[in-house]
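Engineer: Structure, please.
(one chain, ligands or ions: 1)
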Amino acid sequence: MRRKIVVGNWKMNGSLASNESLLKALTEKILQTIPVDIVVCAPYPYLSQTQSYLKNSPIRWGAQNVAKFESGAFTGEVSVSMLKEFGVSYVIIGHSERSTAYCESDENIATKFMMVKKAGMTPILCVGETLIEREAGIMEKVVSKQLDTIIEMYGEEIFDGAVIAYEPVWAIGTDLAASPEQAQAMHQFIREKLSSNTKVVKSLKIIYGGSVNPQNALQLFSMPDVDGGLVGRASLNASDFESICHSAEI
Ligand code: PGA
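Structural biologist: Numbers count the residues shown, from 1 in each chain. Here you go, the predicted structure:
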């Protein structure tokens, strides 16, 4: 059985004061014994604050992006080694909000994925199709292509121990989550695509993202190939996030 994982993506939300109450509430509500990996991905300036509240808790913390270079003249960028200094163990790569707004290419995403792995952190790679692509019936082709760039550049074994988040673009921030059956079909497709490497088969986690909430989490997480969730809005509310984490205890 793969241990489930629930990741909160705060996006560009929060303040020192609101983070403090959210993090305090989470550490009180989420007990050491919870049999689920729990992660919150905070904006860069709040990683230190997040680390100090979570370091003695079962909750890990992550970043929402990283530079594809080690260091140097890259104004505004943040490197893997900087993230490591703040105890970061997970990094979201290729979120559709970034790929669209900042025209991030599949090659850039692949390089970032490799940098995060090389630094000993866990990449959370976002893949997913737009509504037009789903309506055209080419969603598997689209997701397959997003994975192929990484496979071509670094081989399938780079997915050992990684997390892939299937996030249909049409489900993000819309309250229109994929149905459990739609999520299962894509997760199964991804797992089968990456099934030739036995290490990857055992260690890869595939989580669902896009309008996960306390009402739909249990049904989604009950599907055999859904290993947890990537949660945006509902991760900003401690009770909702706690409830979603408990839905993964199955
Ligand atoms: P949402 O965001 O849960 O608010 O839809 C999910 C995500 O973009 O990771």
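
Engineer: List the residues that contact whatever residue of the chain ends up closest to the ligand.
Structural biologist: Residue nearest to the ligand within the chain (Cβ to the nearest ligand atom): Gly232, separated by 2.2 Å. The way it works is simple: take the backbone N, C-alpha and C, and place the C-beta from them, glycine included. Counting by Cβ atoms under 8 Å, 6 or more residues apart in numbering, Gly232 touches Asn9, Lys11, Ile172, Gly173, Gly209, Val212.

Engineer: check those residues against the ligand, which are close?
Structural biologist: Checking the contacts of Gly232 against the ligand by Cβ under 6 Å from any ligand atom, the ones in range are Asn9, Ile172, Gly173, Gly209, Val212.

Engineer: Please report phi then psi for the first one.
Structural biologist: Listed backbone geometry of Asn9 is phi -110, psi 100, with angles given as degrees, to the nearest 10.

Engineer: And for Ile92?
Structural biologist: Reported as degrees, to the nearest 10, the phi and psi values for Ile92 are phi -70, psi 130.

Engineer: hey, what's it bridged with?
Structural biologist: Ile124 (DSSP bridges).

Engineer: Could you list which residues are in contact with the residue positioned nearest the centre of the chain?
Structural biologist: Nearest to the mean C-alpha position of the chain, by Cα atoms, centre = their mean, lies Ile124 at 4.2 Å. By Cβ under 8 Å, 6+ apart, the contact list for Ile124 reads 7, 41, 62, 90-93, 162-165, 207, 230.

Engineer: so Val7, which of the three states?
Structural biologist: Three-state assignment for Val7 (DSSP: H, G, I helix; E, B strand; the rest coil): strand.

Engineer: burial count for the nearest residue to it once chain neighbours are set aside?
Structural biologist: Leaving aside its chain neighbours, Val7 sits nearest to Val39 (4.4 Å; criterion: Cβ to Cβ, 6 or more residues apart in numbering). A count of nearby residues for Val39, using other Cβ atoms under 10 Å, gives 24.

Engineer: For Val39, give me its contacts.
Structural biologist: Counting by Cβ under 8 Å, 6+ apart, Val39 touches Ile5, Val6, Val7, Gly8, Ile59, Arg60, Trp61, Gly62, Ser89, Tyr90.
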